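Undergrad: Sequence and predicted structure are below.
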Amino acid sequence: MIIDTHCHLDDERYNDDLDEVLAAAKAKGVEKFIIPGADPKTLERAVELAEQYDAIYFSVGVHPYDAQNYDRSYLEKFVHHPKCVAIGECGLDYFRLPETEEEIAKEKALQKEVFVDQILWAKEVKKPLIVHVRESSADCLALLDEYAGEEGGVLHCYNADESLLKLANKNFYYGIGGVLTFKNARKLINVYGKIPQDKLLIETDAPYLTPHPHRGKRNEPAYTTIVADKMAELSALPVSEIATLSSQNAQRLFRF
C-alpha cells in the first residue's frame, strides 16, 4: 500500500476525470490520499471529496501565499470533521517577495504571524502540521523549534536543507515527491540517506511537481510509484518495503 500524503485533488484540473485518476492510483496500489488545505476557496470542495470517497482525507490551513486571507474562525468549522487529519499547508515562503525592504519585512512578518497561529492551533486540537518551507529554512526551524507540540508534522516537499533534520527529534517527518527524480536533485539525493527511515513519507503535490519522465504533464497520485522506485533505489531496499514503511509512517503521524 502507498499513501499519497499531499495531493491537491480539489484542484479544478481534476474536475472532469477524478474518478479515473483515483482508479489509476488504486491500480498502482495507492490506497489513501490527503488533500492539504492551502486555499480557503477550495476547502469546501476538499471536504466534499472526503465525504464522497472513503480513501480521501483532508487538512485545514492556509498556504503562506494566502496569509492575508487567513481566517481561523472559518477554518474552525471543519477542523473537527472526522476526516480532517492535520493543520496546514502552512509555513513560510520567501521565494516571491515584494521589492522594497519595508514591503519585504511586512510580508515576512505577516507570514510568520499566520504560521505561528496555525502551529499553536495544531497544539490545541492535537493534530500534526503540514509545513511548507521555501527559501525560509532558518525562520521555519526557529518557529517550529519554539512553538511546535508533540504532534509534530511533515515538512512537505522536503527541500534538502540538513538543518531541518533536527526536527526529526520533534516528531517531524519528511515528504518526498517527484523532485527526487529530477536531474537537478543532486542535493536532495545526497541528503536523502540521512533522513531516518521511520520519518519518510511519500507525496506527489499533484497536480504540481510531476516526476520524470512525465514532467510537463499534470501530476497525479498514481505517480507515487515512480517516487517509491527512486526511494527504493537510494535506500537499497525492495520497493515493497519502501511502500510499507512509508505507509506505516503516514498512519502513525496522521492516525488514520
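TA: Okay, I see it.
Undergrad: Distance from the longest strand seen in the chain to the middle of the chain?
TA: If you go by DSSP state E, the chain has its longest strand at strand 84-93. Put simply, strand 84-93 sits 8 Å off its chain's centre (C-alpha atoms, centre = their mean, to the nearest Å).
Undergrad: Okay, now the sheet partners of that strand, with direction.
TA: Partners of strand 84-93 in the sheet, by DSSP bridges, are strand 56-60 (parallel), strand 129-134 (parallel).
Undergrad: And the contacts of the longest one?
TA: When contacts are taken as C-beta atoms under 8 Å, 6 or more residues apart in numbering, the neighbours of strand 129-134 outside the stretch itself are 6, 34, 36, 59, 61, 63-64, 86-95, 118-119, 122, 140, 144, 148, 151-157, 159, 161, 164, 172. Heads up, the C-betas are built off the backbone N, CA and C, glycines and all.
Undergrad: what does stretch 232-240 give?
TA: By C-beta under 8 Å, 6+ apart, stretch 232-240 touches 180, 189, 192-193, 197, 225, 228-229, 231, 241-242.
Undergrad: downstream neighbour of the longest strand of the chain in the secondary structure list?
TA: If you walk from strand 84-93 toward the C-terminus, the next helix or strand you reach (DSSP states H and E) is helix 101-125.
Undergrad: Please list only the buried members of the contacts of strand 129-134.
TA: Applying 16 or more other C-beta atoms under 10 Å to the contacts of strand 129-134, the neighbour count classes 6, 34, 36, 59, 61, 63-64, 86-94, 118-119, 122, 140, 144, 148, 151-157, 159, 161, 164, 172 as buried.
Undergrad: Can you verify my assumption that Q68 contacts L110?
TA: Yes: in terms of C-beta atoms under 8 Å, Q68 counts as a neighbour of L110; the distance is 6.7 Å.
Undergrad: Comparing these two, which residue is more hemmed in?
TA: Between Q68 and L110, counted using other C-beta atoms under 10 Å, the more crowded position is L110 (14 against 10).
Undergrad: nearest residue to that one other than its sequence neighbours?
TA: A67 (5.1 Å; C-beta to C-beta, 6 or more residues apart in numbering).
Undergrad: May I have the secondary structure class of the one you found?
TA: Following DSSP: H, G, I helix; E, B strand; the rest coil, we place A67 in the helix state.
Undergrad: State the pLDDT value of it.
TA: The score at A67 is 94. That number is its pLDDT.
Undergrad: repeat for L97
TA: We have a pLDDT of 88 for L97.
Undergrad: now swap in K41 and tell me
TA: 89.
Undergrad: Which strand or helix spans it?
TA: K41 is located in helix 40-52, with elements delineated by DSSP H and E.
Undergrad: any idea how far L43 is from the most centrally placed residue in the chain?
TA: The chain has H156 as the residue nearest its centroid, 3.6 Å off, counting by C-alpha atoms, centre = their mean. Per C-beta to C-beta, to the nearest Å, H156 is found 17 Å from L43.
Undergrad: Check R218 too.
TA: Distance of R218 to L43, computed by C-beta to C-beta: 21 Å.
Undergrad: more neighbours, these two?
TA: Per other C-beta under 10 Å, whichever of R218 and L43 has more neighbours is L43, with 22 against 15.
Undergrad: ok, D4 - contacts?
TA: 25, 30, 32-34, 202-204, 206, 221, 224.
Undergrad: now the strands paired with strand 84-93 in a markdown table, with distance to I2?
TA: What follows is the strands paired with strand 84-93, written out as a markdown table (distance: least, C-beta to C-beta, whole Å):
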| stretch | distance to I2 |
| --- | --- |
| strand 56-60 | 14 |
| strand 129-134 | 18 |
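Undergrad: Out of these, flag the one nearest D11.
TA: strand 56-60 (13.0 Å; C-beta to C-beta).
Undergrad: What average pLDDT does that closest one get?
TA: The pLDDT scores in strand 56-60 average 98.
Undergrad: what pLDDT, on average, does the helix or strand just after it get?
TA: Elements were assigned by DSSP H and E; along the chain past strand 56-60, the next helix or strand is helix 72-75. Confidence over helix 72-75 (mean pLDDT, whole number) is 96.
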